[in-house]
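> What would the 3D arrangement of this be:
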Amino acid sequence: MAWSPNPQAIPQFQALDAIREAAAVTDPEGIVRYWNAAATALFGWRSDERIGRPLAERFPTSVRPALREHLHRITATGAWDGEFEDWRKDETRLVVAARVRPLRDEAGGWIGNLHLARELQRAPRPDGAEDIESVLAIARVGLWSLDLADGSVEWSPESCRVLGVAGPHGTLASWQQLVHADDRAVTIAKLESTIRERGAFRCECRIRRPDGSERWIANFARVECAVGGEPTRVVGTLQDITERVA
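Sure, this is the predicted structure:
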């Protein structure tokens, strides 16, 4: 299926305008191709403000890479249902019940995802980002960030569990020491290239935990830049893939 210049006019999508749930359709790159009236009512974004933009853009920058990775994994598992704290355009928070379903063409090829959401009547917690983090932890996805100004690293609780480290604070040097000696040079070179080219970091490597045990992890990250284009931070996800690789 080729995406129409005006997906809102596609008959299959027009039917979504009649439902009460907020509905959005994204292509394989995570770009919004459809946004119904209920989504506008729930989140405050008009269709012309969201269509053609990455879905992840409407979330805080700290969770965007993890959300991209989470949506990518939905493709492999076939679907996802859950509850989490979301954000409106005006930055107020709300609790939603959400569903994500892959969309496929007649040949069975993946062409994107259908996202559905409805508001739940309970109060958000003080920090909505923590709730998204817990959802990702259920999927065994950890968050991490690297501040390029001082080399400091922050790990989410799931990342700490995978890496076997005691606390959420580290440094670039301490992270490098966790990477298996045989994989260290290649992994560091990939990260340096990602920062230099302001691109995406995708890397599978072994780590040696402080207790001496070894695990395989998959990293996915993106570089964040200042207004002038200077790289300032790398934000990403990691996941233990030892069982898959073994």
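> check contacts around P28.
P28 sits next to 110-112 when contact means CB atoms under 8 Å, 6 or more residues apart in numbering. C-beta here means a position set from N, CA and C on the backbone, and glycine is covered the same way.
> State the distance from it to G109.
Note on P28: its distance to G109, by CB to CB, to the nearest Å, is 10 Å.
> Beta-bridge partners for A22, please?
Following DSSP bridges, A22 is listed with bridge partners A117.
> from memory it sits against A37, does it?
No - using CB atoms under 8 Å, A22 is not in contact with A37, being 9.0 Å away.
> More neighbours: which of these two?
A22 (24 against 16; other CB atoms under 10 Å).
> show me where the chain has strands.
Ranges of strands in the chain, per DSSP state E, are 22-26, 32-35, 80-87, 93-104, 110-120, 142-147, 152-155, 169-171, 200-208, 214-225, 231-240.
> per-residue confidence averaged over whichever helix in the chain runs longest?
Longest helix of the chain, by residue count under DSSP state H: helix 181-197. Regarding helix 181-197, the rounded mean pLDDT is 94.
> For it, buried residues please.
183-184, 187-188, 191, 194-195 (16 or more other CB atoms under 10 Å).
> contacts for it?
148, 176, 179, 199-201, 203, 205-206, 208, 221, 223, 231, 234.
> separation between the residue nearest to A221 when sequence neighbours are not counted and R68?
Using CB to CB, 6 or more residues apart in numbering and skipping residues adjacent in sequence, the residue nearest A221 is G236, 2.5 Å away. Separation of G236 from R68 (CB to CB): 10 Å.
> who's more crowded, those two?
Remark: of G236 and R68, G236 carries more neighbours, 25 against 21, as counted by other CB under 10 Å.
> so that one bridges to which residues?
Bridge pairing for G236 - DSSP bridges - gives W144, A221.
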